[in-house]
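>>> Using only what follows, build the 3D model:
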Amino acid sequence: MYPREHKYTKQHEWVRLEDDRVVVGITDYAQDQLGDVVFLSVPEAGSQVSQFNKFGEIESVKAVSDLFSPVSGEVVEVNQEAVAEPEVVNQDPHGKGWLIKVSLSRPGELDALMSSAQYEDYLRTLPGPA
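Now for the predicted structure:
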C-alpha cells in the first residue's frame with residue numbers, strides 16, 4: 001500500500017529521493033485521518049527546513065495539523081498545484097499531492113526514517129484502523 005521507494009516518519013510524512021533532493025508529502029494514512037484537506041501552508045522556495053521540525057500546516061474540515069520535515073535542507077520547489085487545489089493531497093497523497101522538494105544538507109538523515117514495511121508495522125501499533 002505504501003510505496004517502497006519512499007521513507008516515512010512517525011508524524012506521517014514521506015520522502016522520495018530524486019538525485020540530490022527529496023520530494024516530501026504526507027501519507028495516505030495522514031490524509032485519511034485528516035479528512036478533506038482545504039488549505040496548505042508550506043515554506044517558499046529558498047527557505048530552510050530542519051529534520052523533525054515544523055515546516056508548515058495542513059488544514060482539513062476536521063482540524064489544523066502541523067507538518068514536520070523528514071529531512072534538513074533548502075526548499076527548492078513548492079507544489080503550487082497542491083497549494084491552489086489542496087484536495088489533490090487527498091486524491092493522490094503519494095504522487096501528485098506532494099508538498100515540497102528539498103535539497104538535502106544532511107543526506108545521512110535519511111537513515112533515521114522508516115522503510116515502507118517498518119511504517120506499515122508502525123501503523124499497526126496505532127489505535128483504530130490503519
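>>> which residues in this structure form helices?
Secondary structure of the chain by DSSP state H: the helices cover 28-34, 80-84, 87-91, 116-124.
>>> Could you say which of these is packed most deeply?
Ranked by mean neighbour count, those are led by helix 28-34 with a mean of 19 (mean count of other C-beta atoms under 10 Å). For glycine as for every other residue, the C-beta is placed from the backbone atoms N, C-alpha and C.
>>> Quick one: residues in contact with it.
1-2, 12-13, 26, 37, 58, 60, 62-63, 65, 89-90, 93-94, 97, 123, 130 (C-beta atoms under 8 Å, 6 or more residues apart in numbering).
>>> which among these end up buried?
By neighbour count, with 16 or more other C-beta atoms under 10 Å, these hold 2, 12-13, 26, 37, 58, 60, 65, 89-90, 93-94, 97, 123 as buried.
>>> what separates Phe52 from Ser60, distance-wise?
Using C-beta to C-beta, to the nearest Å, Phe52 is found at 22 Å from Ser60.
>>> same deal with Ala84?
17 Å.
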